[in-house]
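Trainee: turn this into a structure:
(2 chains)
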Number of protein chains: 2
Amino acid sequence: MHFTSETSFDGVCERLFVLNDIPGVLWTPEGAAGTRPLIVMGHGGGQHKKAPDILGLARRLVTECGFAVVAVDVPGHGDRPVVEEYNRIATENQARVEAGEEPAPLIAAFQALVARQTVPEWQMVLDAVQQLDHVGAGPVGYWGVSLACGLGVPFVAAEPRVRAAVLGLGGALASAADAARITVPVEFLMQWDDERVPRDQSLALFDAFASADKTLHANPGEHGDMPAFELDSTLGFFSRHLA
Amino acid sequence: MHFTSETSFDGVCERLFVLNDIPGVLWTPEGAAGTRPLIVMGHGGGQHKKAPDILGLARRLVTECGFAVVAVDVPGHGDRPVVEEYNRIATENQARVEAGEEPAPLIAAFQALVARQTVPEWQMVLDAVQQLDHVGAGPVGYWGVSLACGLGVPFVAAEPRVRAAVLGLGGALASAADAARITVPVEFLMQWDDERVPRDQSLALFDAFASADKTLHANPGEHGDMPAFELDSTLGFFSRHLA
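Mentor: Here you go, the predicted model:
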């Protein structure tokens, strides 16, 4: 794990790193010492580790909760090289949708493919970050919606260090089998009028989580319209389960 | 409006009153002066104006938000006399359910009947309470689940002073037409495994609200199992919309 830069702003220390060619970013409270809860954040499709929604929530988790937050670029995103196979599939899928095919099963199959690469990558990142003195082996949470739900459900199912997860904007087609292996508390976000994830698929994914403590939040609007007040709820959820 | 008692405890002033034979209770911050937001709370079936869930949330709304809270007994409940017609219908309904009939339509019809009495009652209470100097004509919220959802949806639809409502544990059979007239922000609570309200009925009622700002919270468990953390969310919701 090589740190390539360190900057501080408004109480948050941001360190860029590279781990086995995976570019990532770690946010911690300025002057932090000792073990603390860590949130792994996944970014959406076409986004990157420092996308505005990631950065905004990460800063709040650091300043309001004192947590550490880590995010890395998904393959083919941000500072990572193009993945020819993924691009080819994405192009094919787009053509199939334009020809009238339902997008949900295509998105599901694609996310399952990418997850086979990202689950072990994120576990390696977790191993490395938890070695740092000012992070340590404290409780871990996961946050990810849309693509990062499709990748996050298999990650949370596979990784016993994750003790609570905020997931959403994803459907059962991609993730129901892995969701049925998740027993930690889950806050699940859906958009009631999501144009990409059919309503019944969202509800079926919420239903599939084996967690005794799970909560569904649905709001009107399309895939990209999640209201800002859900961020307050996310902070409350992680504080309740990890702090 | 005749006040019959006044007690104070831990920062909350509780005054019992009778208004046109309707027994009620008003909670305000100790020493309150001037206009403040007011929450009208409805109680569940078989409960009363000072049931533990009403009292607990009312105290928090007073102490943490500085709001006033009012609750009255529903006809046939608490300190009000038995209503022979309601008792007869309840007994008939119980027999029909035991004979295999679906309870949801029976509950819906019963709540619609009672609402024709409670909507004007609650409007009269609102008129009277807003005359008090330490309440005044500030923004009004409504909170009610189960029976108090069936009664609350027509109340909120009819009453333009209500600017935000927390509703839940109710279905579309009782309330969809009134829900379609509600445009104020709504937080809607459902229990995922509700044995009294079918899941699709809960989702259909949420869908029916005309509010652009509405949010659905679903949690596992039966009708009576709503988790305590929803109270925090309720406080946040009313603070956001009324404070």
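Trainee: same for the host helix or strand of A:Ser233, what does it pack against?
Mentor: Using DSSP states H and E, the element containing A:Ser233 is helix A:229-242. Packed against helix A:229-242 by the contact rule (3 or more Cβ pairs under 8 Å, 6 or more residues apart in numbering or on different chains; DSSP states H and E) you find helix A:52-65, strand A:140-145, strand A:162-168, strand A:186-191, strand A:214-219, helix B:229-242. Any C-beta I mention is one placed from the backbone N, CA and C, and that applies to glycine too.
Trainee: who's in contact with that helix?
Mentor: By Cβ atoms under 8 Å, 6 or more residues apart in numbering or on different chains, the list of residues contacting helix A:229-242 from outside reads A:37, A:39, A:56-57, A:60-61, A:64-65, A:67, A:138-141, A:143, A:163-164, A:166, A:184-185, A:187, A:189, A:215, A:217, A:219, B:215, B:229, B:232-233, B:236, B:240.
Trainee: from the chain's centroid, how far away is it?
Mentor: Offset of helix A:229-242 from its chain centre (Cα atoms, centre = their mean, to the nearest Å): 15 Å.
Trainee: buried stuff in it?
Mentor: The neighbour-count check on helix A:229-242 (16 or more other Cβ atoms under 10 Å in any protein chain shown) flags A:229-231, A:233-239, A:241-242 as buried.
Trainee: which strands or helices does the lengthiest helix in chain A pack on?
Mentor: Looking across chain A with DSSP state H, the single longest helix is helix A:103-129. Under the contact criterion of 3+ Cβ pairs under 8 Å, 6+ apart, helix A:103-129 touches strand A:12-19, strand A:22-29, strand A:38-41, strand A:68-72, helix A:84-98, helix A:147-150, helix A:152-158, helix A:172-179.
Trainee: between that helix and strand A:12-19, how many degrees?
Mentor: Inter-element angle recorded for helix A:103-129 and strand A:12-19: 100 degrees (by axes from the mean of the first three to the mean of the last three Cα atoms, to 10 degrees).
Trainee: what about helix A:103-129, average pLDDT?
Mentor: Helix A:103-129 comes out with an average pLDDT of 95.
Trainee: buried ones in that helix?
Mentor: Buried, per 16+ other Cβ under 10 Å, within helix A:103-129: A:104, A:106-108, A:110-112, A:114-115, A:118-119, A:121-122, A:125-126, A:128-129.
Trainee: next one: stretch A:38-49
Mentor: Residues A:38-45, A:47-49 are the ones in stretch A:38-49 that count as buried (16+ other Cβ under 10 Å).
Trainee: distance between the ends of that stretch?
Mentor: Here the two ends of stretch A:38-49 are set 16 Å apart, with distance taken as Cα to Cα, to the nearest Å.
Trainee: now it: mean pLDDT?
Mentor: 96.
Trainee: I'd like the helices and strands packed on helix A:229-242 laid out as CSV, including distance to B:Glu85 and mean pLDDT.
Mentor: Putting these into CSV (distance: least, Cβ to Cβ, whole Å; pLDDT from 0 to 100) gives the following:
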stretch, distance to B:Glu85, mean pLDDT
helix A:52-65, 54, 97
strand A:140-145, 51, 98
strand A:162-168, 47, 98
strand A:186-191, 42, 98
strand A:214-219, 38, 98
helix B:229-242, 33, 96
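Trainee: A:Gly100: which of these is closest?
Mentor: Distance to A:Gly100, taken as Cβ to Cβ, is lowest for strand A:186-191 among the helices and strands packed on helix A:229-242, at 23.5 Å.
Trainee: and the angle for that closest one with strand A:214-219?
Mentor: Interaxial angle of strand A:186-191 relative to strand A:214-219 (the same axes, to 10 degrees): 20 degrees.
Trainee: contacts only, for the residue of chain A most remote from its centre.
Mentor: Residue farthest from the centre of chain A, counting by Cα atoms, centre = their mean, is A:Ala99 at 30.8 Å. If a contact means Cβ under 8 Å, 6+ apart, then A:Ala99 has no contacts.
Trainee: show me which residues of chain A sit near chain B.
Mentor: Those residues of chain A that sit near chain B, judged by Cβ under 8 Å from any Cβ of the partner chain, are A:192, A:203, A:206-207, A:211-220, A:227, A:229, A:232-233, A:236, A:240.
Trainee: any of the residues you listed buried? List them.
Mentor: The neighbour-count criterion (16+ other Cβ under 10 Å) marks A:192, A:203, A:206-207, A:211, A:213-220, A:229, A:233, A:236 among the residues of chain A next to chain B as buried.
Trainee: A:Val12: neighbour count?
Mentor: By other Cβ atoms under 10 Å in any protein chain shown, the residues close to A:Val12 number 20.
Trainee: same question, A:Val186
Mentor: For A:Val186, the neighbour count with other Cβ under 10 Å is 26.
Trainee: ditto for A:Asp225
Mentor: Summarising burial for A:Asp225: neighbours were counted as other Cβ under 10 Å, giving 12.
Trainee: next, it: phi, psi?
Mentor: Backbone geometry at A:Asp225, expressed as degrees, to the nearest 10, gives phi -100, psi 20.
Trainee: quick one: it and A:Trp192 touch, right?
Mentor: No. Counting by Cβ atoms under 8 Å, A:Asp225 does not reach A:Trp192; the two are 9.4 Å apart.
Trainee: shared neighbours, the two?
Mentor: Common neighbours of A:Asp225 and A:Trp192 (Cβ under 8 Å, 6+ apart) are A:Asn219.
Trainee: ok, A:Glu222 to chain B distance?
Mentor: A:Glu222 sits at a distance of 13 Å from chain B (criterion: Cβ to the nearest Cβ, to the nearest Å).
Trainee: what's the neighbour count on the nearest residue to A:Leu19 once chain neighbours are set aside?
Mentor: Distances taken as Cβ to Cβ, 6 or more residues apart in numbering or on different chains place A:Met1 nearest to A:Leu19, at 4.6 Å, with adjacent residues excluded. Neighbour count of A:Met1, defined by other Cβ under 10 Å: 16.
Trainee: please apply the same query to A:Thr7.
Mentor: Around A:Thr7 there are 9 residues (other Cβ under 10 Å).
Trainee: just give the nearest non-adjacent residue to it, would you?
Mentor: Setting aside the residues directly before and after it, A:Thr7 is nearest to A:Glu14 in space (Cβ to Cβ, 6+ apart), at 5.3 Å.
Trainee: list the contacts for that neighbour?
Mentor: Counting by Cβ under 8 Å, 6+ apart, the residues that A:Glu14 touches are A:6-8, A:25-27.
Trainee: what's the helix or strand for A:His77?
Mentor: Following DSSP H and E, one finds A:His77 outside all helices and strands.
Trainee: got phi/psi on it?
Mentor: When read as degrees, to the nearest 10, the backbone of A:His77 gives phi -120, psi 160.
Trainee: before we move on, the earlier item: which of the buried residues of stretch A:38-49 sits closest to A:Ala174?
Mentor: Closest approach between the buried residues of stretch A:38-49 and A:Ala174, by Cβ to Cβ: A:Gly45, at 12.4 Å.
Trainee: wasn't the closest one part of a strand?
Mentor: No. Per DSSP: H, G, I helix; E, B strand; the rest coil, A:Gly45 lies outside any strand segment and is coil.
Trainee: nearest residue to it other than its sequence neighbours?
Mentor: Among residues not flanking A:Gly45 along the chain, A:Leu147 sits closest, at 4.0 Å (Cβ to Cβ, 6+ apart).
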